[in-house]
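Novice: Test case, fold it:
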Amino acid sequence: MIYDSIIIGGGQAGLASGYYLTKYGLNYLILEANTQATGSWSYYYDSLKLFSPARLSSLPGMRMKNDKRGYPTKKDVISYLNTYTKRFKLPILTNQRVYEVSRNQKGFSIETSDGKSYKAKTIINATGSFHNPYLPQMNGMNTFRGNYLHSSSYQKPDQYIGQRVIVVGSGNSAVQIAMELSEVSNTTLAVRKSVQLVKQKILGIDLHYWVKAIGFDKFPFWRFGKAVPIPSSTVDLAGYKEKLEVGNPNQKKMFERFYSDGVVWSEGNQEPVDTVIFATGYRSDFGYLKTIEKFDVEGRPLQKAGISQNTPGLYYVGLEGQRSFSSATLRGGGSDSKFVIKHIKQNL
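Specialist: Residues are numbered from 1 along each chain as shown. Here you go, the predicted structure:
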């Protein structure tokens with residue numbers, strides 16, 4: 001059987017794409033590598049909260065439940081995605097990890113790690129980059145006798161009670177993890193630049209409503225050949241400003257290297273450390289597309305608004321800055337998916 005489209009990845013971007021493929025009457029499958037179609041959400045730390053309110057964080061066709069808390073937790077999002085899948089009866093095959101995509105006369109062939117093969121006229125890559133954590137390599141890392149990990153492997157503070165912990169980074173995840181750890185351990189944020197906080201609410205209204213109202217959230221930078229600006233500021237959740245001001249957690253300029261028992265700071269002094277957590281983001285990894293697609297020097301696909309510039313019939317949804325500031329988020333996945341699938345419908 002040859003499908004009109006196959007979606008690689010059953011996270012939020014893949015589910016939104018499935019919604020519109022169904023709406024436009026196209027025959028498709030969603031291939032998900034894991035046991036449930038919740039993307040990376042199942043692997044994030046337990047206390048994670050969305051920085052945007054529930055009312056602005058929904059996929060097409062089904063509004064996320066808006067309770068009194070306003071800001072959905074990790075569990076809320078996972079529950080929402082599972083309910084979404086069931087409500088729209090999306091054709092998802094789990095435990096189907098794609099390892100190679102190739103071209104054929106009628107479109108594409110997709111091979112999975114368990115030996116299965118699928119054929120489709122078009123491919124929608126909806127894996128994003130959140131499955132490929134970036135862990136920088138630093139001098140002395142191999143001699144460090146403590147523990148170091150990427151923030152994607154961090155779950156909860158219980159195992160770090162009483163430890164000396166360093167969290168590397170100044171973004172939302174780094175600050176949120178450091179704030180949580182500072183309650184049970186001696187925690188420092190190691191930063192290139194000091195954390196820049198932005199108020200979560202202005203005049204009592206969440207920042208995201210203002211961003212939406214002025215049109216920035218979905219402004220089509222790509223139409224003007226411009227990259228989407230990615231803010232370096234961190235949303236000031238409950239008490240962040242006050243805690244940083246009193247130094248719990250404190251901030252220090254990024255350390256230079258590791259030594260056997262800890263780190264060496266920029267001033268040259270050594271400090272024993274138990275654990276270093278790198279909240280250093282993610283990098284693109286599309287190795288299964290390497291025989292059909294071209295990538296830039298940083299491994300990002302050469303695409304415009306989700307449409308491959310080198311491979312007809314290959315599309316992307318869920319990339320950061322794909323079409324707008326809100327791309328790669330729950331609130332932006334719907335509009336990006338709709339744009340891509342309209343293009344597929346017109347060209348099939």
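Novice: pretty sure Met179 is touching Ala238, no?
Specialist: No: checked against Cβ atoms under 8 Å, the pair Met179 and Ala238 is beyond contact range at 9.0 Å. Just so you know, the C-beta spots here come from the backbone N, C-alpha and C atoms, and that holds for glycine as well.
Novice: neighbour-wise, which of these two wins?
Specialist: Neighbours per residue (other Cβ atoms under 10 Å) separate Met179 from Ala238, with Met179 holding more: 21 against 9.
Novice: Contact partners for the more buried one?
Specialist: 237, 239-240, 243, 249 (Cβ atoms under 8 Å, 6 or more residues apart in numbering).
Novice: For it, what is the enclosing helix or strand?
Specialist: helix 172-181 (DSSP states H and E).
Novice: now the angle from the following helix or strand past that helix to helix 172-181?
Specialist: Next in sequence after helix 172-181, counting helices and strands by DSSP H and E, comes strand 186-191. Computed by axes from the mean of the first three to the mean of the last three Cα atoms, to 10 degrees, the angle separating strand 186-191 from helix 172-181 equals 160 degrees.
Novice: What is the subsequent helix or strand relative to strand 186-191?
Specialist: strand 197-199.
Novice: Wait, Val184 touches Val165, no?
Specialist: No: using Cβ under 8 Å as the test, Val184 is too far from Val165 to be in contact (9.2 Å).
Novice: quick one, which of these two is more surrounded?
Specialist: Looking at Val184 and Val165 with other Cβ under 10 Å, you find the greater number of neighbours at Val165, namely 24 against 16.
Novice: which residues sit in contact with that one?
Specialist: Listed by Cβ under 8 Å, 6+ apart, the contact set of Val165 reads 181, 185-188, 273-277.
Novice: what about burial for the residues you listed, which qualify?
Specialist: Buried subset of the contacts of Val165 (neighbour count, 16 or more other Cβ atoms under 10 Å): 181, 185-188, 273-277.
Novice: from these, which is closest to Ile8?
Specialist: Nearest to Ile8 among the buried ones among the contacts of Val165 is Ile277, at 29.8 Å by Cβ to Cβ.
Novice: Which pLDDT value goes with the closest one?
Specialist: pLDDT, Ile277: 98.
Novice: Paired strands for the helix or strand containing it, with orientation please.
Specialist: Taking DSSP H and E as the criterion, Ile277 maps to strand 275-278. Strand 275-278 has the following strand partners under DSSP bridges: strand 147-150 (parallel), strand 164-168 (parallel).
Novice: between the ones you listed, which gets nearest to Tyr3?
Specialist: Using Cβ to Cβ, the strands paired with strand 275-278 put strand 147-150 closest to Tyr3, at 35.0 Å.
Novice: which strand is the longest one in the chain?
Specialist: strand 117-125 (DSSP state E).
Novice: list the contacts for the residue positioned nearest the centre of the chain?
Specialist: In the chain, the centroid-proximal residue (Cα atoms, centre = their mean) is Phe130; its distance is 4.2 Å. By Cβ under 8 Å, 6+ apart, Phe130 lies in contact with 11, 39-40, 152, 282.
Novice: and if you look at Glu293?
Specialist: The contact partners of Glu293, taken as Cβ under 8 Å, 6+ apart, are 286, 301-302, 308, 310-311, 314.
Novice: 6 Å instead?
Specialist: 301, 311 (Cβ atoms under 6 Å, 6 or more residues apart in numbering).
Novice: Roughly how far does it sit from Ser170?
Specialist: 33 Å (Cβ to Cβ, to the nearest Å).
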